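Participant: Generate a structure from the sequence data that follows.
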Amino acid sequence: MSEVNTIIIGAGAAGLAVSACLNQAGVSNIILEQNSNVASTWRRHYDRLHLHTDKKKSELPFMPFPKEYPRYISRDQLVKYMEEYVQKFNVDIRLNQQVQSAKQDSGHWQVQTQTALHTAPNLVVATGYAREPLSPTWKGMETFPGKVMHSSEYKNGAEFKGKNVLVVGFGNSGGEIAVDLYEHGAKPSLAVRSAVNVIPRELFGIPILSIGIVMNLLPPKIADMVNAPILRAVLGDITKLGLRKSAYGPGMQIREQKRIPLIDVGTIKLIRAGHVTVYSGVDSFAGNRIKFEGGKEAAFDAVILATGYRPRVNQFLQDAAQAVDEHGTPTTTGKESALSGLYFCGFYVSPTGMLREISIEAKQISAAISSK
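Facilitator: Take a look at the predicted model:
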């Protein structure tokens, strides 16, 4: 059995940031990571992925990105940065340690992995939103003869060249995967069930995140009213592209639905040019034909489910109903939860960027723990 001041679960951006902040404050801590390397979620993402937020607003605490990195950093560059971050701040990571249970007992948190029991007065859960892929099913789906995969399994569109591919979902993964498929010679379509918002990655050469930080000073409804005519002028009327415009603006969508709008990196241009076809939500499958809500149907060779994830921290966190909802999503983040000594980092869907929010939360958590 080992004992430190703080146990951190997860060696992604949030876990590394918290550990570095605690190390700077002289607080002993370890990270337990179930995979064989850091940034495992980022490593699994598709090859084309770049941050949608600019590098100046995406740094982890105390360490800027290299000057030679572009404004929007690639997946591989971010992974390399996180590896160097571990070395710079002497982060103590125990790899290949899958947490089987974490529970509070007599004022200490007991965390059991497959090989060891760790105890500490403080526990930080930093496993992120992308812990469990969410893969819906539809009537007749078992009859589909082609490949069906979740976006977490998608690497690039090379294997889909010349094929009709349906991407289900209109989040940032779905939008960029549709672009990647087109660039690899596939014929992509998008199934979009819900009404949506779209924002550009930049406005007049300014990263949308920088604008979002300023707009975040206003109530979301007011910010949306200010931004609406600008977004319409830049993006046009998205309803003419077969998309339904959300009754909420982007700011209200984030607050009410906990979902980031599509940050456009070329998807809208391809839809407008007829290179990406938009359908409504999936209704059912019948062999290689897929029927959509409203009655349209078409044949496809493959389906990619860009349908998101769930945190599911309740799979290992025991007796913590006060701190998580019925889906295993933490109800607080960046501060001490309803349970003494339990913190979550990286679970706030932020209008100003997740990595920026992670850095803020990591500093807050470190300050709270080191002041005890």
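
Participant: okay, CA-based contacts and neighbour counts for the rest of this
Facilitator: Fine.

Participant: Which residue ranges of the protein form helices?
Facilitator: For the chain, the helices defined by DSSP state H cover 13-24, 40-44, 75-88, 172-183, 208-215, 220-235, 250-257, 267-272, 354-370.

Participant: Can you give the distance of the third one from its chain's centre?
Facilitator: When C-alpha coordinates are averaged (Cα atoms, centre = their mean, to the nearest Å), helix 75-88 and its chain have centres 18 Å apart.

Participant: which residues touch it?
Facilitator: With contact meaning Cα atoms under 8 Å, 6 or more residues apart in numbering, helix 75-88 is reached by 13, 16, 38-39, 42-43, 45, 47-51, 63, 65, 69.

Participant: Try it again at 7 Å.
Facilitator: Helix 75-88 has contacts (Cα atoms under 7 Å, 6 or more residues apart in numbering) with Val38, Ala39, Trp42, Arg43, Leu49, His50.

Participant: Are any of the residues you listed buried, and if so which?
Facilitator: In the contacts of helix 75-88, burial by neighbour count holds for Val38, Ala39, Trp42, Leu49, His50, counting by 16 or more other Cα atoms under 10 Å.

Participant: in the sheet, who's paired with the last one?
Facilitator: To tie it back to what came earlier, the one meant is His50. Beta-bridge partners for His50, by DSSP bridges, are Ser74.

Participant: Could you point out which residue ranges in the stretch 251-372 of the chain have low pLDDT?
Facilitator: Low-confidence segments of the stretch 251-372 of the chain, defined by pLDDT under 70: 351.

Participant: I'd like to know how many residues surround Arg232.
Facilitator: Arg232: 13 surrounding residues under other Cα atoms under 10 Å.

Participant: ok, it to Leu203 distance?
Facilitator: 12 Å (Cα to Cα, to the nearest Å).

Participant: can you name the farthest residue from the center of the chain?
Facilitator: Most distant from the centre of the chain: Ser106, at 34.7 Å, with distances by Cα atoms, centre = their mean.

Participant: Which pLDDT value goes with that one?
Facilitator: We have a pLDDT of 89 for Ser106.

Participant: Repeat that for the one 4 residues further on.
Facilitator: According to the per-residue confidence, Gln110 scores 97 in pLDDT.

Participant: and if you look at Phe144?
Facilitator: Looking at Phe144, its pLDDT is 98.

Participant: Please list all residues in contact with the nearest residue to it once chain neighbours are set aside.
Facilitator: Of all residues not flanking Phe144 in the chain, Gly287 sits nearest, at 4.5 Å (Cα to Cα, 6 or more residues apart in numbering). By Cα under 7 Å, 6+ apart, the contact set of Gly287 is Thr143, Phe144, Pro145.
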